[in-house]
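Asks: coords below, sequence missing:
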């Protein structure tokens, strides 16, 4: 059974002015997503600025989100690390806290061979008893999970059940589905490729766009699953200019700005990320208005 089907939000981590985590605001965002069609919350991913959270903050955020979501929708915890032992300990803690799934990015900076990836993921899966989503995002990590590696892990490890594919390479995605006979839950890691991945048998998207347009992102998936391919495609294409602006600077700089433009008051980003340039912010605001989002 899939961890979730549809549009999961790679949720932003809101901060106070002093840079500390704003848990009251996170609580509001959790309710907002539960009430507006989001199908799953993915906490402490790239969009949640996991790389600048301390391990203590990281686990506090995960546990808080599990507790406050109250099983209304699944919660998936980002617990990947370039240190296998760290990933094991965080994954065990998240699983024990009740996470419905774990999102495990490939090791970054030190990287690994494909054999090293197999060893890394098998070591985590052996100790963290929760469904695991492999996360392939070469643009950030310098590492690609090859289709044969996905197929091996899915066939040999019971709790490795899914892959978040953010390579942007549709041929690679097709190869994964062919080599696994479709026996893997495929999630798009790119908001501009939701429909293409669904057409190959995907289960949904782990989305940045969902932070500001949860209902519409849900509907792209829902319409596709209901057989309204034209409606799904039309929504996907309508969202493209907005998605382009959401990635005109490094994620999550634009999406946090977008949330603040909508009055969500989620605070700024932690360095080394910096505030969006005025010119890019103006383009973002226009794309949001054109899409139909209300700005304050």
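Replies: That came in fine, so what should we check first? The structure displayed is predicted, hence computed values, not measured ones.

Asks: so which strand or helix has residue 198?
Replies: If you go by DSSP states H and E, residue 198 is part of helix 194-199.

Asks: in the protein, where's the longest helix?
Replies: Longest helix of the chain, by residue count under DSSP state H: helix 229-246.

Asks: go through that one and flag the buried ones.
Replies: Neighbour-count burial for helix 229-246, with 16 or more other Cβ atoms under 10 Å as criterion, is recorded at 232-233, 235-236, 239, 242-243, 245-246. (Glycine included, C-beta is placed from N, CA and C.)

Asks: got TSV for those, with pLDDT and distance to residue 133 too?
Replies: TSV is the format used below for the buried residues of helix 229-246 (pLDDT from 0 to 100; distance: Cβ to Cβ, whole Å):
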residue	pLDDT	distance to residue 133
232	98	23
233	98	26
235	98	24
236	98	22
239	98	23
242	98	25
243	98	21
245	98	27
246	98	22
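
Asks: out of those residues, flag the one nearest to residue 123.
Replies: Nearest to residue 123 among the buried residues of helix 229-246 is residue 246, at 34.7 Å by Cβ to Cβ.

Asks: got the contact list for the residue nearest to the closest one when sequence neighbours are not counted?
Replies: The shortest distance from residue 246 to any residue that is not its chain neighbour, by Cβ to Cβ, 6 or more residues apart in numbering, is 4.8 Å, and that residue is residue 254. Applying Cβ atoms under 8 Å, 6 or more residues apart in numbering to residue 254 gives the contacts 245-248, 276, 280, 284.

Asks: of the residues you listed, which pair is most distant in space?
Replies: It's 247 and 276 that sit farthest apart of the contacts of residue 254, by Cβ to Cβ, at 11.9 Å.

Asks: more neighbours, these two?
Replies: Comparing residue 247 with residue 276 by neighbour count (other Cβ atoms under 10 Å), the higher total belongs to residue 276, at 23 against 17.

Asks: name the helix or strand for that one, please.
Replies: Using DSSP H and E, residue 276 maps to neither a helix nor a strand.

Asks: where exactly do the strands run in the stretch 1-150 of the chain?
Replies: For the stretch 1-150 of the chain, applying DSSP state E, counting those that start in this stretch gives strands covering 6-10, 40-43, 75-78, 101-105, 132-136.
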